[in-house]
Each structure stands twice: as structure tokens, then as C-alpha cells.
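Student: I would like the atomic coordinates for the input below:
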Amino acid sequence: MAKICLCMTAKTLGRNLEILDKYRKYADIAELRVDCLDPDERLLIRRFPEQAGMPVILTIRRDIDGGHFVGGEGARISLMARGLAYAEADRRRNFAYLDIEEDLNVSSLEEAARTFGTRIIRSYHNIKGTDADLPTKIRSMRRSGDEIVKVAVMANSTRDVLELLCTGKECEGQEKILISMGHFGIYSRILSEQFGSFLSYCNALSETDTHPAAPGQIDVRELASLYRFRNITTATKIYGVTGYPLKSTSSPPFFNTVFDLEGNDAVYVPFPSDSITDLLEIAKELNVEGISVTVPYKEAIIPFLDFQSDEVRVVGACNTMMLTPQGWLGTNTDTKGFSDSLLTFLDKPNFKRRRVTVIGAGGAARAVIFELHRLGAKVLILNRTVHKARRLATPYKFVWGGLDEQGIEKMDKYRDIIIQTTSAGMEGINPSVSLDDPSNDPVAMYNFCGQEEVMDLVYKPKMTAFLKRAYNAGCNVQNGYDMLIRQARYQYAQFTGKEFPEHFLSRVHFGET
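Tutor: Purely as a prediction, here's the structure:
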């Protein structure tokens, strides 16, 4: 069973012990990052294992490997020796593990560690990319049978994560630690059991005086509680959400909470991906049973489906994939999730005699347009790329235009309901631009009269620049959170083959709303 290792990166030993005590129940092992300590504190590390009360890894990471130690190798080796000095017969009072980089050759240090039961973690770090032929690398690194080989490589693509996953399978049976660093590799830290990794490193990210010891680390409480890391085995059913860049997704709290409440041996994880082909290879290797699809893949995923629901065929967008014995089945729960949400908000049975403007012509817009047509609305579709608006509008005989002066003028005749379907203003899409920046409002030239019913499918933040401007003008507004909940309930039913447990609804959420 893979273990949770809490990285201790505070500047003092005392503060590290405070943090460890606070999060003790979530961790199995602690890693003391000596390179993060103040210089004077580094001289006092010997007693830390006894004070910690759990197995501790002694690590002094060099700056060239992503750490903070900038002194010479002689000084670093001396600190390692200090940590191992005066070893006691009671091994619980000694460091349980010593992390030594593969290119550090100090036999006396290793012999001293082994004499008193300190295991060697032979590590390799590539903070720039993922090496070719990692299995050969792993085999060449191990110098004795009791060593644990650690390979931490930066994932710059989905293909890089796939390479590490395949490496884990090729080196099955060997005790090792495999980490795909960075945002692309986040699920390698959750699915350590599937990657064949001895442990997963994490941090207490809610503590302001600590920081991730490596790119992509997850908060220890999130890993232990949200993802139920200790319950994940090779038999655990895997579901997830894919998109790009997928910097912000609130789906895991919803699905994992329901799985927990229902006692399902299942986990739902984020799969950020820059390649559908590579993602599907990873899904095959991990035996993923269901995937939620978000931007920008709702349309692009369709050629990769083996079967499509009627709605996907008509809408031309897919937000849900399920693995069947015959292959991947694509469905769309955005359609019903949208109409259920907006009709409830309006307290109406349908959209008849309602004139509606839809902003955007992507996958989400396709689901919205499908339902508006089905339920009787008259619609104007505006999009920055005009030919996409025209292509979407034509089958329904709807009006279309661009996000220009002429298009904005048309809104005066389609202003009962205004629906924003693009990712404009979404958290994480463009971190360099303030969420309140006018560029995050796709119809900044439009003047709300205060009588419009306005919906933005974005739910993080609660109020986009677009929605805030509508609210300030006196409009009734709604973000996409309720729609998200509703479509997720339909997804859950499709993933599991049973109705969503409505009695749990008050206990599940999509994070902050």
C-alpha cells in the first residue's frame, strides 16, 4: 500500500514539529527538508526523528535538483553525517530513510546509514523534462537490494506522464518512488498505487510559512481525505475529468464525497491533458471507467468515441465518456443540466416566447442551443469567430452575428435572456489578467437595461466581470454552479448505472461557490 509523505519545509525545526502535529493523522512518513531550514537550525537535526514520532526521511536537496541548498558538497555531506551521528539501538530515534542523489558517492555515509537500519533512497531529479528510457535508468541506479530508487521528472506533456506510468509497469515488483512533477502529473501523486510508487509526497499548503517541495504537490489533507489516498488499491475504480489547461476544477470534491458517502471503492481525479490520443492511452493503462470532458475537448473528443448518444450526434459536443465492453460511449449531460437549472431559476416550464442571446459557439454553447431550440426559444448566437456562430445557428434557423457593433445591436431584439457560454472570466484561464478586467466581458459594449435574465456558465469566480455588470444594472443573474451540480448528478448516474442519491445532495459540493 502506497504511503503519504508530508514534506516539512518550514524554516525552523520547532515550526516543522508544530505542523507535523497538526497534520499527523494524514501522514505515514515525514520528510525533513534540511535545505529549507535556517542555517543554524540545520545543526540541530539529529533529534528530529525522535521528536517527530514517525518515520522520517533525511533530505538535503541541492538547488540544481530543485532544492534550496547552495553550499558545497562537502558541507552537505557533513550535514547528512550529523543527522546520522550517534545512532541509537532504538531505530525509531534515528532517521528511517536517507535520500542520496544517484551521482553522490560516499560509501562511508551509506554504510553508516545501513548499520543502524536507515534505508537509502537513491534519487534522480530532472526539473526540466522527462528522460527517455526510464526503466533502464531505474535499473542502473539501484546499487543494493535494500535501496528504494526514486525518479522525479518534470512532465511537460501528457505523453511524459504516460512514459512514467509505463515505466512503473515495466519495473513492477521493484520498490521505487515515481513522480511526474508539475501540473500535468498531478494524478501520478494521487494514483501512486497504479504508478507502482512506494509513496506520494505532499505538503501542508494551507500553512502560509511552508511551500511545495516540488511542482505539483497536493495538500496533505486533500490527498488523504478528498481523494482517500489510503483506500486506493489496484481494484479501485477510476473516474476523472479532462481538459486543458484544467488549472481549476471543482468536480473532484463532488464525486469523491458521494463515493465516500456511498461506500464506493472509487476515486475521481483531474487529468489535465494536451493530447486526446495520449489521454486515452493513459485511460487504457489505468483502466479508467468514466471521464468528464471539459474545454477545449467537448467537440474534439467526438472522433475518438466508439459510440455516441443521440444528443451527442445532434449537438456535436460530448461532456461524458463511459467505457463499455465495446469501447467508449459519449453522452452529453450539459443539455439537461442547463435547461433544468435555467428553467428552475426562471420558474418556467419552457422557453416559449422568450428571445435569447447566446454568447459563444463552442461545446457548451452547442448544448445550450440544443435545449433552447427543444424548449421553444427564439435565439441570437454571437461569437468572436462569426463563421462558427453561423454554422451553429443554421440548422436551427436561428439568428447569428459577431461580437462586434453590429452583433451587439442585434441583442436589443433578443434580450429576455442572455447566456454567456465561453470561458471568459474563468479563474485560471489567464492569470496575468485581473478577473474584473473588461477584456473578460465578451459583450462589454452592450448596455444592460436591468430587465434581462442573465446566466453565465462560469462558476469560478461566483461573479465574472460580465455577470457583475449585469447585476449592477439590476438584472436577475445566475452563475453556472447550479447547472454544474445538475449535470454532475446525471454524470454520476451514467458512471455508476444507478440514480444519484438525492439524500446526499446537501452534503456534497463543488468546493467554494
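
Student: Need the per-residue pLDDT for the spatially most central residue of the chain.
Tutor: Compute the mean C-alpha point of the chain, and by Cα atoms, centre = their mean the closest residue is Pro270, 3.8 Å away. Looking at Pro270, its pLDDT reads 98.

Student: ok, it to Asp146 distance?
Tutor: According to Cβ to Cβ, to the nearest Å, Pro270 and Asp146 sit 35 Å apart. (Glycine included, C-beta is placed from N, CA and C.)

Student: Then Ala213?
Tutor: For Ala213, the distance to Asp146 equals 25 Å [Cβ to Cβ].

Student: The two: which has the busier surroundings?
Tutor: Taking other Cβ atoms under 10 Å, Ala213 and Asp146 do not tie; Ala213 has more neighbours (23 against 11).

Student: Val315 is in contact with Thr335, correct?
Tutor: Yes: counting by Cβ atoms under 8 Å, Val315 is a contact partner of Thr335 at 6.6 Å.

Student: Now for these two: what residues contact both?
Tutor: The contact sets of Thr335 and Val315 overlap at Ala367, Phe370 (Cβ atoms under 8 Å, 6 or more residues apart in numbering).

Student: Can you pull the phi/psi pair for the residue lying closest to Glu262 once chain neighbours are set aside?
Tutor: Closest residue in space to Glu262, ignoring its immediate chain neighbours: Pro501 at 6.3 Å, by Cβ to Cβ, 6 or more residues apart in numbering. Phi and psi for Pro501, reported as degrees, to the nearest 10, are phi -70, psi 90.

Student: Give me the neighbour count for Pro501.
Tutor: The burial count for Pro501: 16, using other Cβ under 10 Å.

Student: So what's the model's average confidence on the helix or strand Val477 falls within?
Tutor: Assessed by DSSP states H and E, Val477 sits inside strand 476-478. Averaging pLDDT along strand 476-478 gives 98.

Student: With stretch 345-354 instead?
Tutor: On average, stretch 345-354 scores 97.

Student: Ok, stretch 17-33 next?
Tutor: Per-residue scores along stretch 17-33 average to 98.

Student: Now that stretch: buried residues?
Tutor: Leu17, Ile19, Leu20, Tyr23, Tyr26, Ala27, Asp28, Ile29, Ala30, Glu31, Leu32, Arg33 (16 or more other Cβ atoms under 10 Å).

Student: Among these, which one sits closest to Phe95?
Tutor: Minimum distance to Phe95 across these is 7.9 Å, recorded for Leu32 (Cβ to Cβ).

Student: following the helix or strand where the closest one lies, which helix or strand shows up next?
Tutor: In this structure, Leu32 is located in strand 29-33 according to DSSP H and E. Moving toward the C-terminus from strand 29-33, the next helix or strand (DSSP H and E) is helix 48-52.

Student: Now do the helix or strand that comes right after that next one: distance to the chain's middle.
Tutor: As assigned by DSSP H and E, the chain's next helix or strand after helix 48-52 is strand 56-59. Computed by Cα atoms, centre = their mean, to the nearest Å, the chain-centroid distance of strand 56-59 equals 27 Å.

Student: Specify the next element, helix or strand, located C-terminal of strand 56-59.
Tutor: helix 73-84.
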